[in-house]
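Visitor: Got a sequence here, can you model it:
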Amino acid sequence: KKIANSYLGTEHLIANLNEFTPLANQTSVSFSDLHGMSFIVLQDIGIWREIIQQKIPDAKFLYQNKRSDFDEIKNYSIFPYFTTNISLLDPIWNAETQVDRRPVPISDKEASMKFYANYLTANKDRVMPLIQEIQDVWSKVD
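Guide: Predicted coordinates:
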């Protein structure tokens, strides 16, 4: 066996909803609960872009290329937006206080994604310290 893998953690998608929206008081929401809504979204959100477009086809996504533009609209509007549990590791997200949004986890199975590190078994001793560090950090938000 030349390639091995190690589980890193699971990323969970979260809808950050205006506090006065009835859904903001739920412990979780489904993609179908979010139908017809308009979201502000950072352009480069990886695989999540395809997932939200497929699972909420009648939603409107206002994509922003620059983080500063996204933040400006987010801070001066009530548009919901997406984050994940991994967003909590970003010092910028952590520094921002969300007084008018509530993070509500999305309960659909497609809103959670497991991540693994794949590596050549010959490199195991080299990569395991990094993998362990990632696992330790990820365990704080998983």
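
Visitor: biggest strand in the chain by residues?
Guide: Criterion DSSP state E: the longest strand present in the chain is strand 3-18.

Visitor: helices or strands up against the helix or strand just after it?
Guide: The helix or strand immediately downstream of strand 3-18 is strand 38-42, counting by DSSP states H and E. The contact analysis (3 or more C-beta pairs under 8 Å, 6 or more residues apart in numbering; DSSP states H and E) places strand 38-42 against helix 47-55, strand 60-64, helix 67-75, strand 81-84. To be clear about C-beta, it is placed using only N, CA and C from the backbone, and glycine gets the same treatment.

Visitor: The ones you listed into a markdown table, with extra columns for mean pLDDT, distance to E110 and mean neighbour count?
Guide: Formatted as a markdown table, the helices and strands packed on strand 38-42 follow (pLDDT from 0 to 100; distance: least, C-beta to C-beta, whole Å; neighbours: other C-beta atoms under 10 Å):
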| stretch | mean pLDDT | distance to E110 | mean neighbour count |
| --- | --- | --- | --- |
| helix 47-55 | 96 | 6 | 15 |
| strand 60-64 | 97 | 16 | 15 |
| helix 67-75 | 90 | 23 | 14 |
| strand 81-84 | 94 | 13 | 22 |
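
Visitor: Just give me the residue right at the centre of this structure.
Guide: The residue lying closest to the centre of the chain (C-alpha atoms, centre = their mean) is T84, at 2.4 Å.
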